[in-house]
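Chemist: Let's see this in three dimensions:
(one chain, ligands or ions: 1)
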Amino acid sequence: MLEGKQGVVFGAANKNSLAWHIAQQAHNAGARVALAVANERFQERVAPLAEELAAPAPILCDVTSDQSIAAAFAELGRHMPRLDFLVHSIAFANKEDLERPFYQVSRDGFLLAQNVSAFSLVALARAAEPLLAPGASLLTLSYIGAVRSVPQYNVMGVAKAALEASVRYLAADLGPRGVRVNAISAGPIRTLSSAGIKGVRDMIDYQAQVNPLRRAIVGEDVGKAAVFLLSDYASGVTGDILYVDCGYHILGAYDVREG
Ligand code: NAD
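Modeler: Predicted coordinates:
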């Protein structure tokens, strides 16, 4: 589905990262993939994963720094002067801002979550723009906490709401160039980031019991849906949020007779 295409995936920290699942599936679908990581620690850890995909050494990119973003794209351009896709799989909030009630979030904590988790998509889209091929596809990762209140998600839910709105505005801006912008709203999966959300294991178990498919979502589900959105099979889809959560988001209630 991605034969002849090349692109970059931001946000792999380890084998559990959704970025890694997406990169793997994109590679399996025939794409040439480059990985970009937040810091030297992840660069070292992700290097063997990049090798598995015959990708260049992971590129450093701290999305809170314009300088780092510019340097990353200068390096990326040397490997890939044309980008058919870009995946943004990045989020961060202070643990204490996730745990305390939302109305107690600090100004700095609110802005940090917005900066790393939402503005970064805009910054990466802007930096990528000169390299984007006609028909290119940008993809980010969201969560149902953007549109519903979810316990312990708090400041991150508000950042995801900004992220989803950014998807729509970027899609409107870049659409006339033939560039599509979408998000996957994934169900809960154990990763480095989600481990910072208190009770995530119980949430995964609960959702697996009540969602229509009666199972937990896995990274491969997200990777495969990402391949679709990055591919020409999604040529008419832009500005959209695709739920990959075993159908959990459609529920108004669950069947209490099941106990
Ligand atoms: P993860 O921890 O593997 O990935 C998050 C990545 O963000 C890490 O690689 C981290 O290095 C990166 N990051 C943080 N600050 C950064 C910075 N300043 N510069 C560059 N990169 C930075 O966890 P994940 O669950 O794979 O998260 C990926 C995306 O998926 C996030 O946007 C997350 O909100 C979203 N998501 C996750 C779940 C889930 O349950 N795991 C569900 C829905 C959406």
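Chemist: The stretch 151-259 of the chain against the ligand: which residues are in contact?
Modeler: 186, 188, 189, 191, 192, 193, 194 (C-beta under 6 Å from any ligand atom). For glycine as for every other residue, the C-beta is placed from the backbone atoms N, C-alpha and C.
Chemist: and the fifth one, what is it in contact with?
Modeler: When contacts are counted by C-beta atoms under 8 Å, 6 or more residues apart in numbering, residue 192 touches 13, 14, 16, 17.
Chemist: Can you give me the neighbour number for residue 55?
Modeler: 21 (other C-beta atoms under 10 Å).
Chemist: start the count at 587, not 1, going forward
Modeler: Yep, numbering from 587; the last one is residue 641 now.
Chemist: ok, so what distance separates it from residue 665?
Modeler: Applying C-beta to C-beta, to the nearest Å, the value for residue 641 to residue 665 is 9 Å.
Chemist: shared neighbours of the two, which are they?
Modeler: Common neighbours of residue 641 and residue 665 (C-beta under 8 Å, 6+ apart) are residue 620.
Chemist: got a winner among the contacts of residue 778 for most neighbours?
Modeler: Most neighbours among those, by other C-beta under 10 Å: residue 603, with 24 neighbours.
Chemist: Do you know the pLDDT at that one?
Modeler: Per-residue pLDDT puts residue 603 at 98.
Chemist: Helix or strand: which one has the residue nearest to residue 645 when sequence neighbours are not counted?
Modeler: Distances taken as C-beta to C-beta, 6 or more residues apart in numbering place residue 622 nearest to residue 645, at 4.5 Å, with adjacent residues excluded. Assigning secondary structure by DSSP states H and E places residue 622 in strand 618-623.
Chemist: any idea of the mean pLDDT in that strand?
Modeler: Computed over strand 618-623, the average pLDDT equals 98.
Chemist: Tell me the strands beside the lengthiest strand in the chain, with direction?
Modeler: Using DSSP state E, we find that the single longest strand of the chain is strand 718-728. Sheet pairing of strand 718-728 (DSSP bridges) gives strand 669-674 (parallel), strand 766-772 (parallel).
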